[in-house]
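Enquirer: below are the sequence and a predicted model; questions follow.
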Amino acid sequence: MTLKSIATRRYVKRFFVARFFSNFGTGMGPIALAFGILHVKQSGTGELGLVLAAETAAMLCMLPFGGVIADKFGRIKICAVADIVGGVFLLVQVYYFYTGHVPLAALLFSNIGFGLMWGIFWPAFSGVLPALLPEEELQQGNAINQFISNFALISGTAVGGFLVARYGSTSALGFDALTFIFSGSMLIKFMHLTPAHPDHENSVREDLLEGWKVFISFPWIVITVAGFSLIVMVWAGAESVLGPLISLKYFHGPQSWAFVLSCESIGFLVGSLIAMKIKIRYPMRFLTGISFTLTLYILALARPQSLQVIALAAFLWGITLDLWSSLWSTAFQRTIPREALSRASAFDGLGTMSLRPLGLAISAPLVSWLGLTRTLEIFSGISAVVIVAVLSTPAVRKMELQ
């Protein structure tokens, strides 16, 4: 199955265009926000960690309800609305960065609002491709979606690093916000493919309970999500908070960190190409095993003697992450009953991201207490122990995809 044959299906091309623009802006966002805050806020990493943690916490609070909303009111429509409203929230912080006066309250308002929309978008998005493609084309469709999204991330990260270094964060943050609004406007044109179900008689509580029961009925999903929550915790702290600090301390600020993130995004691209071709009989065994690339990435950050070594480690972790995204999405979509997909996906997202705010919040205090190198060594050790623990469970090792 090729990009050309899949793209000929009605509405798929519009979907890919929307994903490209959204992810192009997303590539700019982390660099622009991180160095914008570090430039404006003299105390640095504490505010950055707090803002990112608040955004993720808002997303986590909304996730279970996002799944119910998506299944009840139409997944594509909800994706579109969440993109547009999320972009409007981001424009609020753009205004304050433009004025040069950026109160912490404005940053929290903007990013918490975006986090709430993220919590609605994520579970709704899990049901978009299954509405556009038949089941036998889902792995290729997911891989192609990842490829296009990752190409956009690479481009956005590179352009974002240039814009931030040359013109400051405001322009990159503004472009990021507008890409979400554009993406939502594209998606809303085919929202009829996942119609609303206003006749659904279950209460919100009953819908949540039903989604939870479906989610926990698959032990390999529960164990993997629990383990990956710790992986995300240390990855978020190391990359989103401590990475920009390392770049400022040892290298050349936003340009250097844009180079590292671009290499990670190139890894995403390579992972997408691999996912289009491979067929893995035991996907969870394979994915968990290759996750040791995160351990190597964090160790490279812990002793930042070479930007090239860090970038290579980021590249390998990028391949791993993309394979996770493509193969996990396919396994999840082919396992979970279609009518409960968004609700179960909400609990997947809730579990996976549950400890991300903790990783973001504790990184700066740990550096103050233990130092940068020791903090990252601890994060690296946690990742290795978790990977071994998950890999040792029979439910994960024996999970088979026909």
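Expert: Nice, I can see it.
Enquirer: tell me, how many residues neighbour residue 239?
Expert: 24 (other Cβ atoms under 10 Å). Where you see a C-beta, it was placed from the backbone N, CA and C, and this is true even at glycine.
Enquirer: residue 84 now?
Expert: By other Cβ under 10 Å, the residues close to residue 84 number 18.
Enquirer: with residue 273 instead?
Expert: 15.
Enquirer: tell me which element it is part of?
Expert: In the assignment (DSSP states H and E), residue 273 maps to helix 254-277.
Enquirer: just residue 130 next, same as before
Expert: Short version, using DSSP H and E: residue 130 is in helix 128-132.
Enquirer: pull the CA atoms of that helix into CSV?
Expert: The C-alpha coordinates for helix 128-132 follow below in CSV (Å, rounded to 0.1, in the frame of the first residue of the first chain):
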residue,chain,number,x,y,z
VAL,A,128,-10.4,9.7,12.6
LEU,A,129,-8.3,7.4,10.4
PRO,A,130,-10.5,4.4,11.1
ALA,A,131,-13.4,6.5,9.7
LEU,A,132,-11.3,7.3,6.5
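Enquirer: I'd like the distance between residue 291 and residue 143.
Expert: 19 Å (Cβ to Cβ, to the nearest Å).
Enquirer: between those two, who's got more neighbours?
Expert: More crowded of residue 291 and residue 143, by other Cβ under 10 Å: residue 143, with 28 against 23.
Enquirer: quick check: the gap between the more buried one and residue 157.
Expert: Distance from residue 143 to residue 157, by Cβ to Cβ: 21 Å.
Enquirer: for residue 256, what are its contacts?
Expert: Counting by Cβ atoms under 8 Å, 6 or more residues apart in numbering, residue 256 touches 247, 307.
Enquirer: and with 10 Å instead?
Expert: 161, 165, 243, 244, 246, 247, 248, 250, 304, 307, 310, 311 (Cβ atoms under 10 Å, 6 or more residues apart in numbering).
Enquirer: give me the pLDDT value at the first one.
Expert: Right, the one you point to is residue 161. pLDDT recorded at residue 161 is 80.
Enquirer: can you offset everything so residue one is 285?
Expert: Fine by me, first position is 285 from now on; the one you just mentioned is residue 445.
Enquirer: mind checking how far the strand or helix carrying it is from the chain centre?
Expert: Secondary structure from DSSP H and E places residue 445 in helix 422-451. From the chain centre to the centre of helix 422-451 is a distance of 12 Å (Cα atoms, centre = their mean, to the nearest Å).
Enquirer: report all helices and strands that that helix contacts.
Expert: helix 287-291, helix 296-324, helix 412-416, helix 453-471, helix 538-561, helix 591-619 (3 or more Cβ pairs under 10 Å, 6 or more residues apart in numbering; DSSP states H and E).
Enquirer: give me the low-pLDDT residue ranges for the stretch 385-534 of the chain?
Expert: 481-487 (pLDDT under 70).
Enquirer: swap in the stretch 535-684 of the chain?
Expert: In the stretch 535-684 of the chain, no residues with pLDDT under 70.
Enquirer: quick revisit: so which of the helices and strands packed on helix 422-451 gets nearest residue 641?
Expert: Ranking the helices and strands packed on helix 422-451 by proximity to residue 641 (Cβ to Cβ) places helix 296-324 first, at 15.8 Å.
Enquirer: which parts of that closest one are buried?
Expert: For helix 296-324, burial by neighbour count (16 or more other Cβ atoms under 10 Å) applies to 296, 299-300, 302-324.
Enquirer: buried stuff in the helix or strand following that helix?
Expert: Next in sequence after helix 296-324, counting helices and strands by DSSP H and E, comes helix 329-357. Using 16+ other Cβ under 10 Å as the test for burial, helix 329-357 gives 329-344, 346-357.
Enquirer: packing partners for helix 329-357?
Expert: helix 296-324, helix 359-383, helix 388-409, helix 488-500, helix 503-520, helix 527-534, helix 625-637, helix 640-654.
Enquirer: what's the most buried one of those?
Expert: Of all the helices and strands packed on helix 329-357, helix 625-637 has the most neighbours on average by mean count of other Cβ atoms under 10 Å, namely a mean of 25.
Enquirer: that older thread, what is the orientation angle of the helix holding residue 445 with helix 388-409?
Expert: When axes from the mean of the first three to the mean of the last three Cα atoms, to 10 degrees is applied, the directions of helix 422-451 and helix 388-409 differ by 160 degrees.
Enquirer: list the buried residues for helix 422-451?
Expert: 422-449.
Enquirer: give me the angle between that helix and helix 591-619.
Expert: Using the same axes, to 10 degrees: helix 422-451 against helix 591-619 is 140 degrees.
Enquirer: please export the C-alpha coordinates of the helix or strand just after the helix holding residue 557 as CSV.
Expert: The helix or strand immediately downstream of helix 538-561 is helix 567-574, counting by DSSP H and E. Provided in CSV are the C-alpha atoms of helix 567-574 (Å, rounded to 0.1, in the frame of the first residue of the first chain):
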residue,chain,number,x,y,z
PRO,A,567,4.8,-5.6,18.7
MET,A,568,4.9,-4.9,22.4
ARG,A,569,8.0,-7.1,22.9
PHE,A,570,9.6,-5.3,20.0
LEU,A,571,8.6,-1.8,21.1
THR,A,572,9.5,-2.2,24.7
GLY,A,573,12.9,-3.6,23.8
ILE,A,574,13.9,-0.7,21.6
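Enquirer: with that, I have no additional questions.
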